[in-house]
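Chemist: Starting from these lines, generate the structure:
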Amino acid sequence: MAAASMAESKVPLALGVAVSALQLLVWRSRAVARLLEKDAERVWSDGSMMLDCSDEQFQRCVLQSALERAEIALESDAESNSARTGAPRFYQSGSSSGLTSEGEAEGTAPNLNGHNPPRMPRRMTKQVGGIASHKRPVLALDGYILKPLRLLHKPRIATGKDAADDKTKTHRGIREVAFYEALEFAAMVPTDSKCNTVPTSCRHPCIGYRSGAQFRSEDTTQSQPIPDTSLPQHLGYVDTLALSVAIYAGDSRVLSSVQSYANAWRCLAKEMRALKGLSKFTAPYFGVLDLDGLEGGRQLQSPTIQPVHRPHLLLQNLTVPFRRPNIIDIKMGTQTYEPAAPLAKQRREAGKYPPQETFGFRIVGMRVHSAADDQCQCWDKSFGVGLKTSEEVVQALATFFCCGDSNGSTSYTLYVLSGVIEQLAQLMQWFEEDNSTLAFYASSILIVYDGSQPYATIDRYYQDPIVKMIDMAHVCHQSGGDAGYLKGLDNLSRMLKAIKLGLG
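Modeler: Below you'll find the predicted structure:
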């Protein structure tokens, strides 16, 4: 009788312990779920900047990597130039004609030792876009261009709350550097084309993750996507048990958090694969150069990062292969402002060129050489915003490709147009098939071809035109990719095909 009574008294105690344990697991599962939600926002969040550069430690890491990359590139040039010419410095002309990259015949006078002193960057006379009185000019150094960077933007005139709160502008310089560093990182990530995971041995440049990019699931293999209920491997036993119980019990809050976390990693894996294919459509990147490091012939200092006073993005000079480069800068997309931009900025940007929403692009500037002589004509952004109809835009594009020049070669023009259209088609394919996570606001396409038409009758000697994406300071996450940019590519390609058809 006493034993039965004791057994009955233990039942409520056991139930109480079980209920308390269950409540503790539920509490723990929801606490872990909140952490997963924060992690998911850091990994990938729709509408956010591709790389959050507000963290000072991240800024230092990205800038250090970029400075070291530039030093390696320039020192590599130093070795190759020294081997060719016997000169001890690497600031020598990379032009086969003996001219500087800007076509300047005058060189730097040799010193008494018989060696040329270090070459210093000069203003790029062929710049067609991004020209304004308040902006520093793009510079040229041998086969490179040096694009000035403002690592921390401070409004020149605070015109109200919108000006002070424009976070899309604050870190745009370091964001562009980080984008190119992310391209370099993506090239090294061994992602499988059928896999939606990123190996835990890799560290994403914008987050610097601990392990956790792969997921715990019985049916997850290297060739299968991440299930929505898969759990991160870095969780401990108790946290994994708590989440598993909550998911089995149908806790919608926990289930939503786990699904968001898995989806964020899926998007990141897609982004890495997309960036792998994007690098061939961008100008080759060589890091960041501080001009103060070139004064007096000094080289960059590493490995400890020094204060950077005059940072410049170091990219390949796309005009170097051409004797008389014809250049056009085309701002792409149906909108040129980020979703997070202040309302005043959105209105201002939209009002610059309303037809851009229809065309998906606008001409920012172009530079064209005459086929008959060495005369060059330039058009700035005021010309582009004055093109109101599609007929006017087509005529401007025809002018750029010298379609109305009686001294030009029709066969050469057709060759150039075919090359540009083909490269645009390849870029469109990337946007349609590979890009489902990124939007490129205020980005441009630069088209360059040779205006000298050196071999107007022998096709095999024609220099191929160059089509590259530039200006990557405002890249954002966006589900479904960038429909506005794709619309601009499609319309631009259609117009060029119409021009080509008119030439026969």
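Chemist: Now do the contacts for Val448.
Modeler: Leu318, Thr319, Phe322, Pro325, Asn326, Ile327, Pro465, Ile466 (C-beta atoms under 8 Å, 6 or more residues apart in numbering). The C-beta positions use only the backbone N, C-alpha and C, and glycine is treated the same way.
Chemist: The first one: neighbour count?
Modeler: Pointing back at Leu318 there. Using other C-beta atoms under 10 Å, Leu318 has 21 neighbouring residues.
Chemist: distance of it from Thr282?
Modeler: Distance from Leu318 to Thr282, counting by C-beta to C-beta, to the nearest Å: 11 Å.
Chemist: Name the residues contacting each of the two.
Modeler: Lys468.
Chemist: Which parts of the stretch 51-200 of the chain are helices?
Modeler: 56-85, 161-164, 167-170, 172-188 (DSSP state H, counting those that start in this stretch).
Chemist: Show me what the first one is packed up against.
Modeler: If contacts are counted by 3 or more C-beta pairs under 8 Å, 6 or more residues apart in numbering; DSSP states H and E, helix 56-85 sits against helix 172-188, strand 285-290, strand 311-316.
Chemist: Just the buried residues of that helix, please?
Modeler: 58-59, 61-71, 73-74, 77-78, 81 (16 or more other C-beta atoms under 10 Å).
Chemist: Now do it against strand 311-316, angle only.
Modeler: 50 degrees (axes from the mean of the first three to the mean of the last three C-alpha atoms, to 10 degrees).
Chemist: Just the mean pLDDT for helix 56-85, thanks.
Modeler: Taken as a whole, helix 56-85 carries a mean pLDDT of 81.
Chemist: One more: the last one?
Modeler: The average pLDDT for helix 172-188 rounds to 92.
Chemist: Equivalent analysis for the second one, please.
Modeler: Confidence over helix 161-164, taken as the mean pLDDT, stands at 52.
Chemist: Could you pull up the residues touching Gln463?
Modeler: Pro321, Phe322, Tyr449, Asp450, Pro454.
Chemist: For these, pick the one with the most neighbours.
Modeler: Most surrounded of these: other C-beta under 10 Å gives Tyr449, at 29 neighbours.
Chemist: returning to what we had before: mind putting the helices and strands packed on helix 56-85 in CSV, distance to Val43 included?
Modeler: CSV is the format used below for the helices and strands packed on helix 56-85 (distance: least, C-beta to C-beta, whole Å):
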stretch, distance to Val43
helix 172-188, 13
strand 285-290, 24
strand 311-316, 26
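Chemist: Please work out which of those is packed deepest.
Modeler: strand 285-290 (a mean of 25; mean count of other C-beta atoms under 10 Å).
Chemist: report the angle between the axes of that one and helix 172-188?
Modeler: Going by the same axes, to 10 degrees, strand 285-290 makes 140 degrees with helix 172-188.
Chemist: which other helices and strands contact strand 285-290?
Modeler: Counting by 3+ C-beta pairs under 8 Å, 6+ apart, strand 285-290 packs on helix 56-85, helix 172-188, strand 311-316.
Chemist: Quick one: residues in contact with that strand.
Modeler: 63, 65-74, 144, 146, 149, 177, 180, 183-184, 300, 306, 308-316.
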